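[1] below is the structure, and that's it, no one-letter string:
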């Protein structure tokens, strides 16, 4: 049905017979001449239809086409300076592969942007807009780049279960599920599993997979189902984990800049390769927030207001390190009696990634579980892995949709998921 | 904690100071000489500890080590023809990073294989065995290769939701879940979503993600949570989908053969690059089964017995094509009034992948949904995508664990998932 994408054609191919396929983006009849703009994934092609050249039958067939009909066109490439991209197609045969009902609930050619809710409701039409497709082409490029970095750095891809028996981190925001006779939950993070894998000798693992959080919030930065890019490294500490994260982010931006220039332009994003990743401590972050008038006490987690104040001051990518142990999960390695070896990667006011060196010592881990008011009995399988030779290890999780927000300049995370799941949206 | 993996060292580095880290695989004290075999992801290293050279303190420290303790060793590479791989390490410093409780519930150095249940119960120890790790290294290689083929062939990576409002294929074997006030299900396949994406112009998409099936069976070929490699291609038919599947499988085997020779040898697998993929029709398959004494009527799905008979006759990889429409899902494109454009990829008696050209015509699709006794109202969002310009399309799903079974010569699918989920197993 197709020999070339639109982007694979050029004026140099003048005279060649090709086959293109896609959607009727627009159709304009000027008496005995019709112009059809055909849209495919890679761009647009002008089909020029002079009645006297194509004949009565084909002219009539093309004239009857409507916008968003799906066609395949066999035709001759004709160089023409006046045509977009310097060429057009003179059709020899046209196959109407499917027709589109009209009116469309959302017009892919429309210049005025529709409301996000309308767009998500009609996502299959929304995604026909080159600008919207650009988001997912950039996301694809990012994921490809991230994996390539993992391959180069000797990571092994793993898949840990999403159906789990116990609450992964002792939190309450989990989707319960009935697993035959048993109670189960949807995994909120591969955390405990990737840590258990550190006891296996697989050494460096990564997983890119969905996580599920039954959180009630309905913000522009949260999804109830999201893709998490997870890493765990044995014989490594927080400093090495941070370095790996910097490398992954750096390479992804580099690859998007290199391979998705057109898409960045469509989105109007001026992406910059970060020269360095600043690091501030939690204490410094709190001071910045306070100076900007945010009411916050030492030991509190960063409020949205505090994040905004800190983001305003710092701009771009930066790390917040040296967090108080009390506000980080039980598996975080302490640095001293107040602080721990945790870090967050921020972009302005958006938390992109979270990580730490983990506790690898059984006794300390059990103590910390209890300190958080959790019951070690709920973590039997996890704790077993710490009894028989668990190496020091560190890791992080990077949100794929949030990273995509940064790369594509989107303000709402729903724009960066094909079919987002939020407090109210479970369809399409 | 480490400068080199075991595999990165050699006799050529004689005299160099390096740092290695891993587990004490074995320790043997012969009076004033100790031999420690250190195990890391890439292999084994001999640490030789002559009391007179390393000094009293270090000798004592090393002598007190037990199997599966985690250590980091700074030492000198010493070429020695008698040592395994022609070199050993003379230690200068040893850090004991963690100790192992003894006895171990499962001994990674044990030659006698434990029962699968015991192994899965202690998976973190089971995975320390090089032979077991080899399965997941090969799985990693396969996934990497599969993605590379997709990149080369112009596919875009997508992530479709695993929390869905309606039954994806009208089946009953779904895990129900409560999504805030709403009823939801875990997706049994990205089928309907990847088809909807064909209406977007993304053109060729792939997804590698978990699928969830609440099936009661407890066989050696089924998991209740598995990883599916899914593909959908617009402007393509079943023949092109089959070709793409052949390419993906061929490249994966080629890459595993090229890059995982050591692992294949460990597993004792003689993997062969398929020269061609035979194709038989469903009718021919039924005839083969009948000839071998299996009781089966035309129009029935292949029983386990029939699969075994056909697999015995065919061997290796082959396709079964031209299935009766009645036993394939509603979205399968008919070929005529009895047969449809569906195919299965088999390896001996194991179904690896299933695919088809899909119906892209709204009216035919609605008719087929009704014919299967399903209610089109349950497919509103899905059907919308067929009204406004859906191109012809085809695709398939390939089971990652089943493909890994073939690549690693395993008979039980549980061996090919790190933490398998089956009828009775929800932990670890």
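    Nice, I can see it. Because the structure is predicted, anything quoted here is derived from the model rather than measured.
[2] list the residues that contact the closest residue to residue A:224 other than its chain neighbours.
    If the residues on either side of it in the chain are set aside, residue A:224 comes closest to residue A:421, at 4.7 Å by C-beta to C-beta, 6 or more residues apart in numbering or on different chains. Glycine gets a C-beta too; all of them are placed from N, C-alpha and C. For residue A:421, the contacting residues are A:223-225, B:161, B:163, taking C-beta atoms under 8 Å, 6 or more residues apart in numbering or on different chains as the criterion.
[3] closest to residue B:291 out of the residues you listed?
    Relative to residue B:291, the closest of those is residue B:161; by C-beta to C-beta it sits at 45.6 Å.
[4] tell me the spacing between the closest one and chain A.
    In this view, residue B:161 and chain A are 5 Å apart by C-beta to the nearest C-beta, to the nearest Å.
[5] list phi and psi for the nearest residue to that residue once chain neighbours are set aside.
    Nearest in space to residue B:161, with sequence neighbours left out and distances taken as C-beta to C-beta, 6+ apart, is residue A:419 at 4.9 Å. Here is the backbone geometry of residue A:419 (degrees, to the nearest 10): phi -130, psi 80.
[6] show me what the lengthiest strand in chain A pairs with in its sheet, parallel or antiparallel.
    Of all the segments of type strand in chain A, defined by DSSP state E, the longest one is strand A:17-30. Paired strands of strand A:17-30, with direction, are strand A:33-40 (antiparallel), strand A:70-79 (antiparallel) (DSSP bridges).
[7] buried sites along the helix or strand that the shortest one is followed by?
    Reading on from strand A:33-40 to the C-terminus, the next helix or strand found by DSSP states H and E is strand A:43-50. Residues A:43-49 are the ones in strand A:43-50 that count as buried (16 or more other C-beta atoms under 10 Å in any protein chain shown).
[8] what's the most distant pair in those residues?
    Longest distance between any two of these is 19.6 Å, between A:43 and A:49; criterion C-beta to C-beta.
[9] I'd like the strands paired with strand A:17-30 as CSV, with distance to residue A:403 appended.
    Rendered in CSV, the data for the strands paired with strand A:17-30 read as follows (distance: least, C-beta to C-beta, whole Å):
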stretch, distance to residue A:403
strand A:33-40, 28
strand A:70-79, 34
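[10] export the ones you listed to a markdown table and tack on mean neighbour count?
    Formatted as a markdown table, the strands paired with strand A:17-30 follow (neighbours: other C-beta atoms under 10 Å in any protein chain shown):
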| stretch | mean neighbour count |
| --- | --- |
| strand A:33-40 | 20 |
| strand A:70-79 | 20 |
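[11] pull out the buried residues from stretch A:259-277.
    Applying a neighbour-count criterion of 16+ other C-beta under 10 Å, one finds A:260, A:263-264, A:266-267, A:269, A:271, A:277 buried in stretch A:259-277.
[12] excluding sequence neighbours, find me the nearest residue to residue A:392.
    Nearest non-adjacent residue to residue A:392 (C-beta to C-beta, 6+ apart): residue A:360, at 4.9 Å.
[13] that neighbour should be in a strand, yeah?
    No - with DSSP: H, G, I helix; E, B strand; the rest coil as the criterion, residue A:360 is assigned coil and is not in a strand.
[14] just to revisit the earlier point, okay if I get the strands paired with strand A:17-30 as JSON lines plus distance to residue A:213 and mean pLDDT?
    As requested, these are exported to JSON lines (distance: least, C-beta to C-beta, whole Å; pLDDT from 0 to 100):
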{"stretch": "strand A:33-40", "distance to residue A:213": "37", "mean pLDDT": "98"}
{"stretch": "strand A:70-79", "distance to residue A:213": "38", "mean pLDDT": "98"}
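[15] for residue A:391, which of those strands is the nearest?
    Taking C-beta to C-beta, strand A:33-40 is the member of these nearest to residue A:391, at 50.8 Å.
[16] any idea which of the contacts of residue A:421 is closest to residue A:403?
    Closest approach to residue A:403 among those (C-beta to C-beta): residue A:223, at 13.1 Å.
[17] how many residues are close by the closest one?
    Residue neighbour count, defined by other C-beta atoms under 10 Å in any protein chain shown, stands at 25 for residue A:223.
[18] quick one, helices of chain A?
    Here chain A has its helices, by DSSP state H, at A:51-54, A:56-63, A:116-121, A:123-126, A:130-152, A:191-198, A:238-259, A:261-267, A:282-291, A:304-314, A:362-371, A:380-384, A:400-408.
[19] related to what we said a few turns ago, which of the contacts of residue A:421 fall in strands?
    When the contacts of residue A:421 are checked against strands using DSSP E, the ones located there are A:225, B:163.
[20] could the contacts of residue A:421 be laid out in TSV, adding pLDDT and distance to residue B:321?
    Converted to TSV, those look like this (pLDDT from 0 to 100; distance: C-beta to C-beta, whole Å):
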residue	pLDDT	distance to residue B:321
A:223	97	40
A:224	97	41
A:225	98	36
B:161	98	31
B:163	97	34
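[21] which PyMOL command selects the buried ones in the contacts of residue A:421?
    This is the PyMOL syntax for the buried subset of those, where burial follows 16+ other C-beta under 10 Å:
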select buried, (chain A and resi 223+224+225) or (chain B and resi 161+163)
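[22] just send the contacts of residue A:421 back as a markdown table, with distance to residue B:173 too.
    Listed next are the contacts of residue A:421 as a markdown table, based on distance: C-beta to C-beta, whole Å:
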| residue | distance to residue B:173 |
| --- | --- |
| A:223 | 27 |
| A:224 | 24 |
| A:225 | 21 |
| B:161 | 19 |
| B:163 | 17 |
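[23] closest to residue B:368 among the contacts of residue A:421?
    Relative to residue B:368, the closest of the contacts of residue A:421 is residue B:161; by C-beta to C-beta it sits at 24.1 Å.
[24] mind checking how far the closest one is from residue B:185?
    In this view, residue B:161 and residue B:185 are 11 Å apart by C-beta to C-beta, to the nearest Å.
[25] for stretch A:320-335, measure first residue to last.
    In stretch A:320-335, first residue to last residue: 15 Å (C-alpha to C-alpha, to the nearest Å).
[26] what comes up buried for that stretch?
    Applying a neighbour-count criterion of 16+ other C-beta under 10 Å, the buried positions in stretch A:320-335 are A:320-325, A:328-335.
[27] many thanks, we can stop here.
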